[in-house]
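A.B. asks: predicted coordinates and the sequence they were generated for:
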Amino acid sequence: MEYQKLVAVSGLSGLFELVNSKTDGAIVKSLDDKVTRFASSRSHQFSHLESIEIYTIGDNVNLVEVFIAMDKNEKELPPVKDEKAIRAYFNEVYPNMDFDRVYTSDMKKMIRWFEILKKNNIELNLRQEDEEEEGGTEEVAAAATEEPAVKEVASETATAGAKEKKAPAKKKAAPDKKEK
């Protein structure tokens, strides 16, 4: 199972693997009890774990970075019911977290989710495609910078040609309406 396929579904506790998506919802499989169910988009919202960010003192960081810091820390996870222990734990594990904007309920959810990820042996990483794109050659980067300029010129000429073709049609249609 891949981290990229995991979603959180509003109104349902735990984490889910996105099995398939439909126009009116998604088919998800619970990581807790392995039950597959349909979740309607009318009743639920879906959040990919890889798109969730955490407030920090500086720039926001992806949730997986906090999970990686939790994984590297040797300290035992605090009980979910002890708010002071949770704050102390995250202050030690990820001290850059903005504790004014990250609520204790969010930290509890991160602990529960981390336990689920560990229980299911899910590797904590972001998409590898992003890393491959950054490591491209200079030729690819040069081609990428030249391409948008060509597209802009082409779209300007196409737009100008379309305006020229449309303008006479509008002029002819207006006098016909007045004559009637």
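C.D. replies: Great, that's in hand. Numbering: from 1, shown residues only.
A.B. asks: what are the ranges of the strands in the protein?
C.D. replies: Secondary structure of the chain by DSSP state E: the strands cover 6-9, 16-22, 25-30, 36-40, 46-48, 53-54, 61-62.
A.B. asks: quick one: mean pLDDT over the third one.
C.D. replies: This points to strand 25-30. Average pLDDT, strand 25-30: 95.
A.B. asks: okay, the strands of the chain, which one's buried deepest?
C.D. replies: Across these, averaging neighbours per residue (mean count of other Cβ atoms under 10 Å) puts strand 6-9 on top, at a mean of 21. Any C-beta I mention is one placed from the backbone N, CA and C, and that applies to glycine too.
A.B. asks: elements contacting that one?
C.D. replies: Applying 3 or more Cβ pairs under 8 Å, 6 or more residues apart in numbering; DSSP states H and E, we find strand 6-9 packed against strand 16-22, strand 25-30, strand 46-48.
A.B. asks: could these go into a markdown table alongside distance to residue 65?
C.D. replies: Converted to a markdown table, those look like this (distance: least, Cβ to Cβ, whole Å):
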| stretch | distance to residue 65 |
| --- | --- |
| strand 16-22 | 21 |
| strand 25-30 | 25 |
| strand 46-48 | 15 |
